[in-house]
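1. okay, predicted coordinates and the sequence, questions at the end:
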Amino acid sequence: MALQLSFAEASATGPRAENQDAVRLVTPAPALAASKGFLFAIADGVSQCVDGGLAARSTLQALALDYYATPQTWSVAQALDRLLLAQNRWLQANGGGQPLLTTVSALVMRGRRFTLAHVGDCRVYRWHADSLRRISEDHVWDQPGMQHVLKRALGLDQHLVLDFLDGELREGESFVLLSDGVWSTLGDTAIAAILRDQPDLSSAAQTLVNAAHLAGSQDNASALLVRVDAVGEANIGDALIHLQQWPLPPPLKPGQMFEGWQVQGVVAQSQQSLLYRVVDVQGQPWLLKTLPARLADDPQAGQALLSEEWFLKRVAGRHFPEVHTGSQRQHLYYVMREYSGKTLAQFTALPLAQWQDIAERLLRAVGLLHRRQILHRDIKPENLHWGDDGELRLLDFGLAYCPGLSEDAPSTLPGTPSYIAPEAFRGDPPSAQQDLYALGVTLYFLLTGHFPYGEIEAFQRPRFGLPVSASRYRPDLPEWLAQSLERGVAADAQQRFETAEEWLLVLEQGERRSLSVRPRPLLEREPLKVWRTMALLALLGNVVLLTLLFHS
């Protein structure tokens, strides 16, 4: 039997001008509910900060969108911890120098168990057999006059510490999530009385909120109630959590059926991955990606593979491969759609109009990645696919990075050397600027067939001076375009474009000026060559004069 729940929510602004509370519940399709569970969350934005409502709403939005895309082998606590750590960094980075703070209590219920992640002063109770028991701690200062001052909250400190609680569900019990605008005014005795008198969840939630304001609460008031109508069965997902990973698929042979897929054969194999071509029941081609047998006992490799799938799910759209989401897996792999076409590694010295079309598409794709807090870290022509359907897609998220979710092994330098930004060689942490540098080198190479600082070999520690202007190899380049490329591949990250959107705007404005602008004079583009040529001509002229004088 599947887990069966009833739930209700209520929220009211009260005497304040804005409701800075947020309540969220997610009840996914049965298959996803069995593997990831049901998510219930409440957040209370801190009114003294720059925008508490934004902090609360964005936190619950991020949880609702991203929790169900986390790898299946992550425990619930691990997924909530990493997502909230990433959100904590986002809040700190987007307050404009002002605090952007919220409390949050997130409850996931799956099968026979629940997991609670909590920080701040919302409260979570268990209500069973007319007994009310608080299961969360108020993270406030225990000093006179400071009982409502938070000592822990999302966005408050760089090092977020969350409370976690895991336990068994009981049939007939209810979980009660309340903002401090309710519990601090009513108290536990009044809350229990309302729950006892109002067995209907919707009536109970609304009564809790209304009673708080009638009792004099000056804060926003919110309540979220969840009742366990039937406890679910332990499922394979729970077992896999304990194992930390699925087993690898066995070696697959052409013609074999595997978990609903017909195998056509191996497409590619490397030290890090194994790629099969498979077709679905409709005969549509897909690619099944898994690990080679030598990595069967490497949990980090399995985690990386499923993180790659999670990144692709998170940025679903026309610029990225589609990930299949319908099958119930029993092994470690994921499936993405196969597209006919070519990678851009097969194109160089592109015509300007085609190059600019590709550049604008790529900038839009990378901009979307960065807005989702994802860094690709391996942008290069080999990972750009030009489909026969006319779409440009960014491939291979095996090195992708999300602050708060990803970790690099010490002394690693992910990427392809010629596309790695100078500051990465110095050991700087991953950043959007490094992606934009790789994007700039990619566009430079597609236009010229050369690298702005020359080709860099593996294990080389290069020195970066001034990049060679792309106009040296393409005299037909408009000056503004050559300058935009020089800025994109600047050795100093501070001199590059701040965002992909900023660079895209420069290209779009330049296009309106037309690509037929006269190139810069040769003296400006290649002064050394011009002066050497003039010196040689002067020398030849002197030789001719001496010869004439000698014969006269």
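-> Received, thanks. Computed from a predicted structure; not experimentally measured.
2. low-confidence regions, the stretch 1-150 of the chain specifically.
-> The model of the stretch 1-150 of the chain has pLDDT under 70 over residues 1, 73, 145-147.
3. how about a cut-off of 50?
-> In the predicted model of the stretch 1-150 of the chain, no residue satisfies pLDDT under 50.
4. which residues in it form helices?
-> 30-36, 52-66, 76-93 (DSSP state H, counting those that start in this stretch).
5. adding mean neighbour count and distance to Gln262, write those helices out as JSON lines.
-> All C-beta spots, glycine's among them, are computed from the backbone N, C-alpha and C. JSON lines is the format used below for the helices of the stretch 1-150 of the chain (neighbours: other Cβ atoms under 10 Å; distance: least, Cβ to Cβ, whole Å):
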{"stretch": "helix 30-36", "mean neighbour count": "17", "distance to Gln262": "22"}
{"stretch": "helix 52-66", "mean neighbour count": "21", "distance to Gln262": "32"}
{"stretch": "helix 76-93", "mean neighbour count": "20", "distance to Gln262": "32"}
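6. need these in CSV with distance to Val267, can you?
-> Formatted as CSV, these follow (distance: least, Cβ to Cβ, whole Å):
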stretch, distance to Val267
helix 30-36, 28
helix 52-66, 30
helix 76-93, 31
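7. out of those, the one nearest Pro254 is which?
-> Pro254 sits nearest to helix 30-36 of all the helices of the stretch 1-150 of the chain, at 28.9 Å, using Cβ to Cβ.
8. distance check, Leu83 against Thr103.
-> Shown here: Leu83 relative to Thr103, a distance of 16 Å by Cβ to Cβ, to the nearest Å.
9. also Gly172?
-> Gly172 is 29 Å from Thr103, by Cβ to Cβ.
10. name the nearest residue to Arg126, sequence neighbours excluded.
-> Excluding the flanking residues, the one nearest Arg126 by Cβ to Cβ, 6 or more residues apart in numbering is Arg133, at 5.0 Å.
11. was I right about Leu107 contacting Val226?
-> Yes - look at Leu107 against Val226 with Cβ atoms under 8 Å: they come within range, at 7.1 Å.
12. which of those two has more neighbours?
-> Higher neighbour count among Leu107 and Val226: Leu107, with 26 against 21, using other Cβ atoms under 10 Å.
13. could you check how far the closest residue in space to the more buried one that isn't next to it in sequence is from Leu101?
-> Nearest-residue entry for Leu107: Phe40, 4.6 Å, with adjacent residues in sequence omitted and distances by Cβ to Cβ, 6+ apart. Taking Cβ to Cβ as the measure, Phe40 falls 22 Å from Leu101.
14. now do Leu363
-> 33 Å.
15. over to Arg314?
-> 25 Å.
16. so between the two, which is more surrounded?
-> Using other Cβ under 10 Å as the criterion, Arg314 and Leu101 rank with Leu101 on top: 25 against 20.
17. so the more buried one touches Asp157, yeah?
-> No - with contacts counted by Cβ under 8 Å, Leu101 stays clear of Asp157, the gap being 10.0 Å.
18. overlap in contacts of Leu107 and Val226?
-> Residues touching both Leu107 and Val226 (Cβ atoms under 8 Å, 6 or more residues apart in numbering) are Phe40, Phe175, Leu177.
19. just put those residues in a markdown table and tack on neighbour count and distance to Pro15.
-> Below are the shared contacts of Leu107 and Val226 laid out as a markdown table (neighbours: other Cβ atoms under 10 Å; distance: Cβ to Cβ, whole Å):
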| residue | neighbour count | distance to Pro15 |
| --- | --- | --- |
| Phe40 | 26 | 27 |
| Phe175 | 24 | 28 |
| Leu177 | 27 | 22 |
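20. among those residues, which ones are in strands?
-> Among those, DSSP state E puts Phe40, Phe175, Leu177 in strands.
21. and which of those is nearest Gln72?
-> Phe40 (20.6 Å).
22. circling back to that earlier point, would a markdown table of the shared contacts of Leu107 and Val226 with distance to Leu305 be doable?
-> Converted to a markdown table, the shared contacts of Leu107 and Val226 look like this (distance: Cβ to Cβ, whole Å):
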| residue | distance to Leu305 |
| --- | --- |
| Phe40 | 30 |
| Phe175 | 34 |
| Leu177 | 35 |
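23. ok, the residues you listed vs Glu457, which is closest?
-> Distances from Glu457 to these, taken by Cβ to Cβ, are shortest for Phe40, at 53.3 Å.
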